[in-house]
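# Predicted model and sequence below, questions to follow.
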Amino acid sequence: MVLFMNNRESRLNSFLRRWRFHSEKSKASEELINHLRYLKSEGASLGKNGDYTTAKATLSYALEQASQYPELASLQSRILHELGVLEAAQKHPKSARDFFRQALKLESKLGEEIAQSITLLHLASLETEQQLFSQAIAIYQQALALQRKNHDNYGCALTLHHLADLYARTGNAATAIALYEQIRISEVYGNNPSAKAAALHQLAMLKCSQNEFEDALVLYQEALEVEESINNPSGKAATLCQMAKIYERQNLLDRALTLYQNSLKLTADNPLEQASTLHQIGGVKAKQGNFDEAIGIYQKSLELKANQGSSYSIAVTLAKLGKLQAEWQGEFPIALKNLRQAVMLLQQVNTSEAQAVGEVITRVEKLAQGNTG
């Protein structure tokens, strides 16, 4: 069984030769059990480091050996679980699902409910990635029942968080809000500031979607305090931007601008976050009538997006910039160039916004013709 091509692989291969004789025994020795546990851990580690081929070979061999001993059913289920994780990491949902279900079958038979709940969480995460939200919700509910039965408070809080996210994504805002409210006051999340800040942030976004802006601001402020306590500048910057968007919607432009600028100071080492915040600042400046300043800020945003920005984000800024260049500066050639590039990028990502920008182009072309006349 030639499996390995590096030092780690060579070491494992020697183990395989050494322990092959154990398969002929009727009862697993303690040495074999320890070795198979080692192989399970080694396979998982190899998978995390991206060596999927060696990881799968290692775990498959461990599974083959463990399967020959009824007393190793628990270890067999853990190896099956790791094979599922490995297949999921490689974007092989069908085989990952099969391994997780085999693990679950053994865990259920053995009455290992905590292990079963962990495998259910991985399976639910897989279904979420596959956009199978109703299946994922049902699986998370199974995990939650086991966690509650076994007083796994941290597991319960984590699963409630996943469920809240799924209900929000499927349009059930009321249920999502109720779940996030449970998480917000849970003792477990009180001892896990980063998780609590994330839950507060998501709950505030849901409140915004319900036009409950004052409640959202209270939640964002609470999240801000948590992020301050753990020195999380990126989280603080994101929260400040969300608060600024609320003030912008309320036409409290000076307050919004202050928060955007505070956010900008926190993201000096992240060009894409800087670009996004500059785009928002450009919008506020335009609303305040500071058009030349807005144009300069949009241009700076584009410079930062040039190498890393998504086609969509670049297109949105190009559209804003082109519109101002035409309507305020009368720079029709460059405005049309930017607007047409925006349409092209929006069409590439297949969004209906391309049509709206196309309508702007039509108006600008008429303005340009009138100016020429």
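Done, it's in.
# so what's the backbone phi/psi at the nearest residue to residue 93 once chain neighbours are set aside?
Excluding the flanking residues, the one nearest residue 93 by C-beta to C-beta, 6 or more residues apart in numbering is residue 130, at 5.4 Å. Backbone N, C-alpha and C define where each C-beta goes, glycine included. The phi/psi pair for residue 130 (degrees, to the nearest 10) reads phi -90, psi 10.
# Please apply the same query to residue 309.
Residue torsions, per degrees, to the nearest 10, at residue 309 are phi -70, psi 150.
# Residue 215 - how many residues pack around it?
By other C-beta atoms under 10 Å, the residues close to residue 215 number 16.
# mind listing what it touches?
By C-beta atoms under 8 Å, 6 or more residues apart in numbering, the contact list for residue 215 reads 204, 207.
# any idea how far residue 221 is from it?
11 Å (C-beta to C-beta, to the nearest Å).
# ditto for residue 28
Residue 28 sits 58 Å away from residue 221, going by C-beta to C-beta.
# what do you get for residue 277?
Going from residue 277 to residue 221 by C-beta to C-beta gives 19 Å.
# Settle it for me: which of these two has more neighbours?
The neighbour comparison of residue 277 against residue 221 (other C-beta under 10 Å) goes to residue 277, with 28 against 13.
# so that one sits right up against residue 237, yeah?
Yes. Counting by C-beta atoms under 8 Å, a contact exists between residue 277 and residue 237, whose distance comes to 7.3 Å.
# got a list of what the spatially most central residue of the chain touches?
Nearest to the geometric centre of the chain sits residue 129, at 10.1 Å (C-alpha atoms, centre = their mean). Taking C-beta under 8 Å, 6+ apart as the criterion, residue 129 is in contact with 88, 93.
# repeat that with 10 Å
Counting by C-beta atoms under 10 Å, 6 or more residues apart in numbering, residue 129 makes contact with 88, 91, 93, 96, 136.
# hey, what's in contact with both of residue 215 and residue 221?
residue 204.
# measure residue 46 to residue 39 for me?
Taken as C-beta to C-beta, the span from residue 46 to residue 39 is 10 Å.
# neighbours around residue 356, how many?
Residue 356, neighbours per other C-beta under 10 Å, totals 12.
# Please look at it and residue 363 and confirm they touch.
No. Residue 356 is not in contact with residue 363 according to C-beta atoms under 10 Å; the separation is 11.2 Å.
# what's the domain layout of the chain?
1-22+29-111, 131-229, 232-308, 310-373 (automatic domain parsing).
# Relative to residue 117, which of those domains is closest?
Of all the domains of the chain, domain 131-229 sits nearest to residue 117, with 4.1 Å by C-beta to C-beta.
# what separates the closest one from the chain centre, distance-wise?
The chain centre lies 15 Å from the centre of domain 131-229; the measure is C-alpha atoms, centre = their mean, to the nearest Å.
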